[in-house]
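Undergrad: Would you be able to build a 3D model of this:
(one chain, ligands or ions: 1)
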Amino acid sequence: MATVRASIHGQWSTRLAFILAATGSAVGLGNIWKFPYIAGENGGGAFVLVYLGCIAIIGIPIMMSEVMLGRRGRQSPINTMHTLASEENVSPHWKWLGWAGVVSGFLILSYYSVIAGWALAYVFRTGSGLITGQTADGIQSIFSDLVSDPERLLAWHTIFMVMTMTVVARGVRSGLERAVRLLMPALFVLLIVLVGYAWNTGSFDQGVDFLFTPDFSKIDADGVLTAMGHAFFTLSLGMGAIMVYGSYLPDNVSIAKTSIAVSAMDTLVALLAGMAIFPIVFANGLEPGAGPGLIFQTLPIAFGHMDYGAFFGMLFFILLVFAAWTSAISLIEPAVAWLVENRGMNRVFASAVAGLATWLFGLLTVFSFNIWADVKLLSGIKVFQDSTIFDLLDYLTANIMLPLGGLLIAVFAVWQMSRNSSVDELSMGDGFFYKIWRFLVKYITPVAVFIVFLNAVGIIDLNG
Ligand code: PFF
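TA: Numbering: from 1, shown residues only. Just a heads-up that it's a prediction; the model follows:
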């Protein structure tokens, strides 16, 4: 029963366009900003190994499931879930999964934009030569001057939100396709240049050792949850971003091959970022567990001392902004698609509404680095005793909402949807590879997510 639905929002022009757009969504702040600092906070090697395992056995199968549902439904995640549930004769409540995704995207973008704003600010701080020749201490104070000033953070957050909503308003296809085609390879080249720099001047062996030699005594249940949550976050899974991109995917494209390609590129970028950053961290006696400021306090030291460092630094942060930009667009696309489909808005108006709401909510993050830095809403709970509002938002979305969303997507794809429908939509036959996918999504993903959750809330303790 092949579906003949068409998306009212249009389609990617080619398979490559989808791969680039999905890679653009996946490769973002998660790879270059977040991965290194959470790996640093969770002891390095063991965390990286758990993360890679999660990508392979949970991430790729879930990505295939999400693209599959999106392409079959060909609407915003809310309407896609509603339509597919009715076609499969299961509960219409599945549409709430679409809603949960829209809310996750909104919450993530509200803080994502603030961090992308830091990257924007650093384009100017590096390009102007401010970092040139600075010591680690000098670089550190440039960073704290920025984040402690709510007005400056607000200004950069505003600029980034306007950039994002401008592209979304024009439609994802025009502009975006062309931009990612140029920018993603450039980002790769620059990362390799930086790894080369770290190799020559940093404590490369120590950095690589930190990243790739697992010491399981350094990771606890919460670290495993963070690794799994990050697998979802970095691949943009569990909230409908990849589903909505899948809804613009032409029919004849292989979902399995494209999902593997996107996941592989995303992983490569994260590992390269780690190999660029940790050697510099160790060579300069910095703290690998420094938290969210890590890349803003380490890479500029390298740029400040290399030939043409101001230029390369500026280029690096421009590319980081672009990586974040192509991800931000996908975070809000599910909401905008729904506003267009169900509220009869045109794209421009829908983008303005969604963008304004996200911008406003982003103020919580802006203030949690300065005037509300001491607001610890859940200080009564041990793991959250030091968590700011930003930390809580990040934890709630990445560690809870995305894995839960992914789990439900898995449940829908194999327990609710008929075998015929998934065989039809994945178009890879009913053989070995289909069976592996089905097994992973049917048993491994739900059980893994469930155990990690239980473990993290302390009901069972795998470490004990
Ligand atoms: N994958 C993006 C990153 O690694 O920066 C973040 C992200 C984008 C998460 C889109 C979720 C999403 F739906």
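
Undergrad: If you drop the residues flanking it in sequence, what lies closest to whatever residue of the stretch 201-350 of the chain ends up closest to the ligand?
TA: Going by CB to the nearest ligand atom, the ligand is nearest to residue 241 of the stretch 201-350 of the chain, at 3.0 Å. Using the backbone N, CA and C atoms, a C-beta is placed for each residue, glycine as well. Distances taken as CB to CB, 6 or more residues apart in numbering put residue 330 closest to residue 241, at 4.1 Å, once the chain neighbours are dropped.

Undergrad: how far is the helix ranked longest in the chain from where the chain is centred?
TA: Assignment by DSSP state H gives helix 309-343 as the longest helix of the chain. Chain-centre distance of helix 309-343: 11 Å, with CA atoms, centre = their mean, to the nearest Å.

Undergrad: Now that helix: buried residues?
TA: 309-310, 312-341 (16 or more other CB atoms under 10 Å).

Undergrad: Could you give the average pLDDT over it?
TA: In this model, helix 309-343 carries a mean pLDDT of 91.

Undergrad: Report whether that helix contacts the ligand.
TA: Yes. Counting by CB under 6 Å from any ligand atom, the ligand has neighbours in helix 309-343: 327, 330-331.

Undergrad: and what of stretch 216-236?
TA: Yes. Using CB under 6 Å from any ligand atom, stretch 216-236 reaches the ligand at 233-234, 236.

Undergrad: May I ask which of those residues has the most neighbours?
TA: Among those, residue 236 has the most neighbours (other CB atoms under 10 Å), with 30 neighbours.

Undergrad: Could I get the contacting residues of the residue nearest to that residue when sequence neighbours are not counted?
TA: Sequence neighbours aside, residue 25 is the residue nearest to residue 236 in space, at 4.5 Å (criterion: CB to CB, 6+ apart). Contacts were defined as CB atoms under 8 Å, 6 or more residues apart in numbering; by that measure residue 25 touches 236, 241-242, 245, 326-327, 329-330.

Undergrad: what does the chain have sitting close to the ligand?
TA: 25-26, 28-31, 105, 108, 233-234, 236, 239, 241, 327, 330-331.

Undergrad: Can you list the residue ranges for helices in the stretch 51-200 of the chain?
TA: 60-73, 77-87, 95-127, 136-147, 150-170, 176-201 (DSSP state H, counting those that start in this stretch).

Undergrad: What values do phi and psi take at the residue of the chain found nearest the ligand?
TA: Proximity of the chain to the ligand (CB to the nearest ligand atom) peaks at residue 30, 2.1 Å away. Phi and psi for residue 30, reported as degrees, to the nearest 10, are phi -60, psi -40.

Undergrad: Mind picking out the helix or strand in the protein with the poorest mean pLDDT?
TA: Counting by mean pLDDT, DSSP states H and E, the weakest-scoring helix or strand in the chain turns out to be helix 176-201, with a mean of 79.

Undergrad: which parts of it are buried?
TA: Neighbour-count burial for helix 176-201 [16+ other CB under 10 Å]: 176-177, 179-180, 183-184, 187-188, 190-191, 194-195, 197-198.

Undergrad: which stretches of the stretch 201-350 of the chain have low pLDDT?
TA: Across the stretch 201-350 of the chain, nothing is flagged by pLDDT under 70.

Undergrad: which ones are touching the spatially closest residue to residue 354 that is not a sequence neighbour?
TA: Taking CB to CB, 6+ apart, and ignoring the residues beside it in sequence, residue 354 has residue 335 as its nearest neighbour in space, at 4.7 Å. Going by CB under 8 Å, 6+ apart, residue 335 touches 76, 102, 105-106, 354.

Undergrad: State the pair within those residues that is farthest apart.
TA: 76 and 106 (13.3 Å; CB to CB).

Undergrad: neighbour-wise, which of these two wins?
TA: Comparing residue 76 with residue 106 by other CB under 10 Å, the one with more neighbours is residue 76, at 30 against 19.

Undergrad: Phi, psi for that one please.
TA: phi -60, psi 160.

Undergrad: pLDDT at it, what is it?
TA: At residue 76, pLDDT is 95.

Undergrad: Help me confirm that it comes into contact with residue 350.
TA: No. Counting by CB atoms under 8 Å, residue 76 does not reach residue 350; the two are 10.5 Å apart.

Undergrad: what touches both of the two?
TA: residue 340.

Undergrad: Count the residues that sit near residue 17.
TA: 21.

Undergrad: Hmm, it is touching residue 245, no?
TA: No. Using CB under 8 Å as the test, residue 17 is too far from residue 245 to be in contact (10.2 Å).

Undergrad: what's the angle from the helix or strand hosting residue 258 to helix 176-201?
TA: Here residue 258 sits within helix 255-283, counting by DSSP states H and E. On the basis of axes from the mean of the first three to the mean of the last three CA atoms, to 10 degrees, helix 255-283 is oriented at 40 degrees to helix 176-201.

Undergrad: how far away is the nearest residue to residue 52 once chain neighbours are set aside from residue 230?
TA: Once flanking residues are discounted, residue 52 sits nearest to residue 267: 7.0 Å by CB to CB, 6+ apart. Distance from residue 267 to residue 230, counting by CB to CB, to the nearest Å: 11 Å.

Undergrad: These two - which one has more neighbours?
TA: Shown here are residue 267 and residue 230; by other CB under 10 Å, residue 230 has more neighbours (28 against 22).

Undergrad: How much space separates the residue of the stretch 201-350 of the chain closest to the ligand from residue 397?
TA: As judged by CB to CB, residue 241 and residue 397 stand 12 Å apart.

Undergrad: Residue 189 now?
TA: On the measure of CB to CB, residue 189 and residue 397 end up 31 Å apart.

Undergrad: again with residue 361
TA: 12 Å.

Undergrad: which neighbours do those two share?
TA: residue 107.

Undergrad: Those two - which one has more neighbours?
TA: residue 397 (26 against 16).

Undergrad: just the residues of helix 309-343 next to the ligand now: which is nearest residue 66?
TA: Using CB to CB, the residues of helix 309-343 next to the ligand come closest to residue 66 at residue 330, 11.8 Å.

Undergrad: so that closest one makes contact with residue 235?
TA: No. Taking contacts as CB under 8 Å, residue 330 lies outside contact range of residue 235: 11.3 Å.

Undergrad: residues shared between the contacts of the two?
TA: Counting by CB under 8 Å, 6+ apart, the residues touching both residue 330 and residue 235 are residue 242.

Undergrad: For the residue lying closest to residue 168 once chain neighbours are set aside, give me its contacts.
TA: Closest residue in space to residue 168, ignoring its immediate chain neighbours: residue 351 at 4.6 Å, by CB to CB, 6+ apart. For residue 351, the contact set (CB under 8 Å, 6+ apart) comprises 165, 168-169, 332, 336.
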